[in-house]
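Enquirer: what follows is a predicted structure for the sequence shown.
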Amino acid sequence: MSAVLELEDVRSGYEGVEVLRGVSFSIEAGELVTVVGPNGHGKSTLLRTISGLVPLRGGEIRFEGRALDRHVHHTAARGLAHVPQGDMLFPQMSVHENLLMGAFLCSDSTELARRMDEVLTLLPKLAERRNQQVSTLSGGERRMVGIGRGLMMGGRLMMIDEPSLGLAPIVIEQIYEVIAQLGKSGRTILLIEENPARVADLADRLFLLDNGEFIWSGPPAELLASDELISAYLGG
Amino acid sequence: MNTFYAVLVSGLTVGALYAIASIGLSLVWGALGVLNMAHGAMLTLGGYVAYGVITGLGLPVPLGIFASVAFGALAGGLIYVLIVRNVLRQAKADFEANVMIATVGAAIALENGILLVFGGQPLRQPVTVSGSFELGPLIVPWQNFIIMVAAVLAMAVIASLLNYTRMGRAIRATAQNRDAARLMGVAADRVYLIVLMLSGAVAGICGLLLSAMVQLSPSLGNDPMLKAFIMCVVAGLGSLPGAVLVSFGLALLEAWVQYQFGARWGFPLLLCAVVVVLIWRPSGLLGKTEVRRM
């Protein structure tokens, strides 16, 4: 197996605040890696740094062996699909147009049709809502559009940021069913989740992010029993 | 009855001009979220460029028309290169205010440049068509007809571009969520450049059409810019269909008020209508009040 994404001593943050403080890890092709951790400890910043939305202050990010430049629109061209936290959809566009935006860089109409077919098969609800304006969808449906749009990008690495955020338990289950299917199909996925128990059966490896640093990594079953998990979430 | 039709034709012609002026302004607001205060000066430039090419250089009229569009686009491109691109590199929080102030400066510079080259005396635009034709009860001057057709064509081209092309989708996506568009591979900077050039091209053609109705002067674009801004606010900033509808509606109202009460009442009553609309609907008639299911 070869590393799809490698981070080496990555530091980043916002004005005057360093959020990520030397993060290093790698993801192999076909892996589903999950980063867990409490709120406000840098999980989303990690993905935003990888895709260039947050400037890199130090370290290096390599995708398929080559350093990622810091232009956000280039990361999509390199094959990195980022499904950001919350919606970040195009609210005045229809579901269909949002999905088409995912394939913005795809100029091959056959490939575009194939991707659209794949997305609508995996997420049939989107076919029903095809012409509906996205702002009128429910939270769960909007999350489906976000994942569908990410799939339309046809990337070789999909980064999904807290897909369960703000959703009802039943909808979260549906979303995670879709992610499990994507994982089983051999996609390389970097998933962000706050609740470690939710991803225990899903992830190949777990990383625990605490105050901008990885304090633990390994198989999910081991993390759930670790002291580091209790310390990160409850303090002490 | 004849007077009614005359007011109708006049209102529709002025409405067409307002519509082209306001779609250029609205396009920039919608995509960049900023007010281009140099829009009026770009409009003036369009009129003077056509005059310079046709009268000064003695070139054919179509070349003059092409030049006004090209120079308008070029002015838009320069506003991007000299102002927007540089301001974007600075603090994101002050982007809108900085661009607005910088474009005021660009407008003053452009207006004074025109004054230096062409002088302050009013000039007659050579692109005029005389005569009229009858359409049922309407007597339509060819000049007005051409203005209306050109306005409708310009609006159709922009609407098609925004709704049916990949670039149009990228423009709309950038307007709705810049970061999300960038994540999809859209080069937002290039979108801004294209939008400003497009808006400049539309301002160029608008200036040409406007100067064919009134005389050329360095402050030609000031009044249409103010009116276009009013149209955009009433329509809802960034709403292109709204800007077009409101332009025609308010121009017809203005023409009727001017006929009924005299020309000096046109603008004040227009402003009163604007105040009423904004009290009733603060985000404009067709503004982006997002419907969001929780």
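Expert: Thanks, I have the structure now. These numbers come from a predicted model, not from an experiment.
Enquirer: all helices of chain A, in order?
Expert: Here chain A has its helices, by DSSP state H, at A:43-50, A:72-78, A:95-102, A:109-122, A:124-128, A:139-152, A:169-184, A:196-199, A:220-224, A:227-234.
Enquirer: residues of chain A that sit close to chain B?
Expert: Contact residues, chain A versus chain B (C-beta under 8 Å from any C-beta of the partner chain): A:51, A:53, A:71-73, A:75-77, A:82, A:84, A:88-93, A:97, A:100-102, A:104-105, A:133, A:135-139, A:149, A:153. Using the backbone N, CA and C atoms, a C-beta is placed for each residue, glycine as well.
Enquirer: before we move on, the earlier item: tabulate the helices of chain A (a markdown table), appending mean pLDDT and mean neighbour count.
Expert: Listed next are the helices of chain A as a markdown table, based on pLDDT from 0 to 100; neighbours: other C-beta atoms under 10 Å in any protein chain shown:
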| stretch | mean pLDDT | mean neighbour count |
| --- | --- | --- |
| helix A:43-50 | 94 | 24 |
| helix A:72-78 | 92 | 20 |
| helix A:95-102 | 96 | 24 |
| helix A:109-122 | 95 | 14 |
| helix A:124-128 | 93 | 15 |
| helix A:139-152 | 93 | 23 |
| helix A:169-184 | 90 | 15 |
| helix A:196-199 | 83 | 18 |
| helix A:220-224 | 76 | 15 |
| helix A:227-234 | 68 | 14 |
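Enquirer: domain assignment for chain A?
Expert: A:1-79+A:156-236, A:89-154 (automatic domain parsing).
Enquirer: for those, which one sits closest to B:Ala251?
Expert: domain A:89-154 (26.9 Å; C-beta to C-beta).
Enquirer: residue closest to the middle of chain A?
Expert: Central residue of chain A (C-alpha atoms, centre = their mean): A:Ile160, 1.6 Å from the mean position.
Enquirer: what residues does that residue make contact with?
Expert: A:83, A:147, A:150, A:179, A:189-192 (C-beta atoms under 8 Å, 6 or more residues apart in numbering or on different chains).
Enquirer: quick check: B:Ala180 touching A:His82?
Expert: No: counting by C-beta atoms under 8 Å, B:Ala180 stays clear of A:His82, with 9.3 Å between them.
Enquirer: can you tell me the element B:Ser199 falls in?
Expert: helix B:188-213 (DSSP states H and E).
Enquirer: list the buried residues of that helix.
Expert: Neighbour counts using 16 or more other C-beta atoms under 10 Å in any protein chain shown place B:188-189, B:191-212 of helix B:188-213 among the buried residues.
Enquirer: any chance of the helices of chain A in CSV, with distance to B:Met155 too?
Expert: Converted to CSV, these look like this (distance: least, C-beta to C-beta, whole Å):
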stretch, distance to B:Met155
helix A:43-50, 39
helix A:72-78, 30
helix A:95-102, 21
helix A:109-122, 29
helix A:124-128, 33
helix A:139-152, 30
helix A:169-184, 42
helix A:196-199, 51
helix A:220-224, 57
helix A:227-234, 57
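Enquirer: rewinding a little: of the domains of chain A, which is nearest B:Val81?
Expert: That would be domain A:1-79+A:156-236 among these, by C-beta to C-beta, at 18.2 Å.
Enquirer: can you read off the pLDDT for the residue nearest to the centre of chain A?
Expert: We have a pLDDT of 94 for A:Ile160.
Enquirer: and what of A:Glu31?
Expert: 93.
Enquirer: contacting residues around it?
Expert: A:1, A:4, A:188-189, A:204-205.
Enquirer: so what sits opposite the nearest residue to A:Leu223 once chain neighbours are set aside in the bridge?
Expert: With sequence-adjacent residues excluded and distances taken as C-beta to C-beta, 6 or more residues apart in numbering or on different chains, A:Leu223 is closest to A:Leu206, at 4.9 Å. A:Leu206 has these beta-bridge partners by DSSP bridges: A:Thr34, A:Gly218.
Enquirer: count the residues that sit near A:Leu206.
Expert: By other C-beta atoms under 10 Å in any protein chain shown, 26 other residues sit near A:Leu206.
Enquirer: ok, it to chain B distance?
Expert: 25 Å (C-beta to the nearest C-beta, to the nearest Å).
Enquirer: now do A:Gly30
Expert: The value you get for A:Gly30 to chain B, if C-beta to the nearest C-beta is used, is 23 Å.
Enquirer: what is the neighbour count of that residue?
Expert: 14.
Enquirer: now swap in the one 5 residues further on and tell me
Expert: Per other C-beta under 10 Å, the neighbour tally for A:Val35 reads 27.
Enquirer: quick check: A:Arg21 vs A:Thr45, distance?
Expert: Distance, A:Arg21 to A:Thr45, by C-beta to C-beta, to the nearest Å: 11 Å.
Enquirer: now for these two: what residues contact both?
Expert: In contact with both A:Arg21 and A:Thr45: A:Gly212, using C-beta under 8 Å, 6+ apart.
Enquirer: residues in contact with stretch A:147-154?
Expert: A:76, A:79, A:81-83, A:89, A:98-103, A:105-106, A:111, A:115-116, A:118-120, A:122-123, A:126, A:158, A:160, A:163, A:175, A:178-179, A:182, B:184-185.
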